[in-house]
Structures are given as C-alpha cells and as structure tokens.
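Trainee: Need the 3D shape of this:
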Amino acid sequence: MSEDEGRLDGRSDGRTEGLTGVLDAIEQAVVAARSMPMSSSVLVSRAELLDLVLQAREVLPDQLTRADQVLADADAARAVAQEDAERILERARTQAGELVAREAVVTAARERAADIVADAQRTADDLRRDADDYCDRRLADFEIDLGKVLAQVQAGRAKLAGRLSPEV
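Mentor: Predicted coordinates:
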C-alpha cells in the first residue's frame, strides 16, 4: 500500500469508516490525482479506486440494515402509540358510560371523554409525525449517500468507456 492510500483516512490499513468515509476517500483520490498535460483528465490509481468501490459495497449492506432498523423502530413506535391511543379511547368510553349511568354528570362526562380522545389523538399524531420525520431524515441522508456513490460510479464508468472505445 502506498503512503497516499494510508493518508486517505489517517488509517494505516487504508480502510475507511462508513459510506461517507469511503466517498471522502474517493473524492480525495480524484482531487489528489495528477493532471494530464494540456487536458482536464487526471491519472488515478485503478487499484485504489477499485478498493474504495469495494469498501463502499461492503458498507452499503450495513447502511441498508440500519435504514431497515430505523423503519422497524418507527413502525414499533407507531404501533405503541396506536395501542396507547386505543387504551386511552377504551378508558374514555368506559368512563363516559359510567358517567352516563350517574345522570348528574352526563355533560361533564362527554366533555371529559372528548378531551381524552383529543389528547390521545394529538399524542398519536405527534408520535406518528415524529417517527415519520425521523424516518424521512434518515432516508434522505441515505439517498444523498447513494446519489454520491452512483455519481462516482457513473463518472468512473464513463471514464473507462472513453478509454476502452477506439479513437476515431
């Protein structure tokens, strides 16, 4: 391994941490590449870039697993919120029925039941919104990371295609 590879992320084994680290290393390899005279092209180490692409492929399943876990956690939080809301609603119905039986407090019971239902709905809506917002942020981050990797791969393939096609 060359000194440049070790310096990409400060690690002596040339491995990077996480998808962002791999993308940063790819970017650094392209930025640090030697320019071709009288051209906008640069010379990059094929082995170095292929190693970084391999590292990105190794990291992606971890990223996907984490995204799946985030979605599962959000679903679990939503399910708990729904169960809480249903328990609160059932409790409200029971209390309302008891109050109706007492006749003197029917109006108060209806108001209290409505408050409990509204509070449960607000709580469920807040939990659902928070869970959805968290999932959306995580998925947006993941989408950005995947977009960067895709752009790098497409650029690399285009560069290789240019080298492989016979010059006219």
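Trainee: remind me which residues of the protein are low pLDDT?
Mentor: Residues of the chain that meet the criterion pLDDT under 70 lie in 1-16, 99-100, 103-105, 166-168.
Trainee: just the helices in it please.
Mentor: Applying DSSP state H to the chain gives helices spanning 3-7, 18-31, 46-101, 106-164.
Trainee: so which of these is the most packed in?
Mentor: Among those, helix 18-31 has the highest mean neighbour count (mean count of other CB atoms under 10 Å), at a mean of 18. C-beta coordinates here come from the backbone N, C-alpha and C atoms, glycine included.
Trainee: That helix vs helix 46-101, what angle?
Mentor: Orientation check (axes from the mean of the first three to the mean of the last three CA atoms, to 10 degrees): helix 18-31 against helix 46-101 gives 150 degrees.
Trainee: Contact partners for the nearest residue to Arg138 once chain neighbours are set aside?
Mentor: Residue nearest to Arg138 in three dimensions, not counting chain neighbours: Val70, with 4.7 Å by CB to CB, 6 or more residues apart in numbering. By CB atoms under 8 Å, 6 or more residues apart in numbering, the contact set of Val70 is 134-135, 138.
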